[in-house]
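>>> sequence? don't have it. structure:
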C-alpha cells in the first residue's frame, strides 16, 4: 500500500477577508475531492487572509498511480485563477 501526501502552499490574491478565503478554498477542495477522489483539507495558515496550506492524500497499491493522481491535482490547482501556488511538496509513505 502506498500513501501519497501532497502539501500545497497557496496565495489567494483576491481574498480581502477570511470569508473570501474560505469561500475560494471550499470550492477548490470540493472540486479536488470529487474530480480526483482524494482527501483534501486546509492544514495550516487558517487565520491568514491571503495564504493557505492545503493537504491532499491519495491511497493506492501502486505508487505510480498515486504519483499520477497527485500530479494531476497539482496541475489543476495551477490552472485555477483564484489561487497561486507558492510551494508544493510530495511525499510517499
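Thanks, I have it. Treat the numbers as computed from the prediction; the structure is a model and nothing was measured.

>>> who touches residue 8 in this structure?
Counting by C-beta atoms under 8 Å, 6 or more residues apart in numbering, residue 8 touches 53, 54, 56, 74, 77, 85, 87, 88. For every residue, glycine as well, the C-beta is placed using N, CA and C.

>>> how about a cut-off of 6 Å?
Residues near residue 8 by C-beta atoms under 6 Å, 6 or more residues apart in numbering: 54, 77, 88.

>>> got the contact list for stretch 44-61?
Stretch 44-61 is contacted from outside by 1-10, 12, 15, 21, 25, 38-43, 66, 69-70, 73, using C-beta under 6 Å, 6+ apart.

>>> which of these are buried?
Among those, the ones that count as buried by 16 or more other C-beta atoms under 10 Å are 4-10, 12, 15, 21, 25, 38, 40, 42, 66, 69-70, 73.

>>> What mean pLDDT does the helix or strand harbouring residue 75 get?
Here residue 75 sits within helix 63-79, counting by DSSP states H and E. Mean per-residue pLDDT for helix 63-79: 96.

>>> tell me what it is packed against?
strand 2-11, helix 18-36, strand 51-60, strand 84-92 (3 or more C-beta pairs under 6 Å, 6 or more residues apart in numbering; DSSP states H and E).

>>> Spatially central residue in the chain, please.
Averaging the C-alpha coordinates of the chain gives a centre point, and the residue nearest to it by C-alpha atoms, centre = their mean is residue 54 (4.5 Å).
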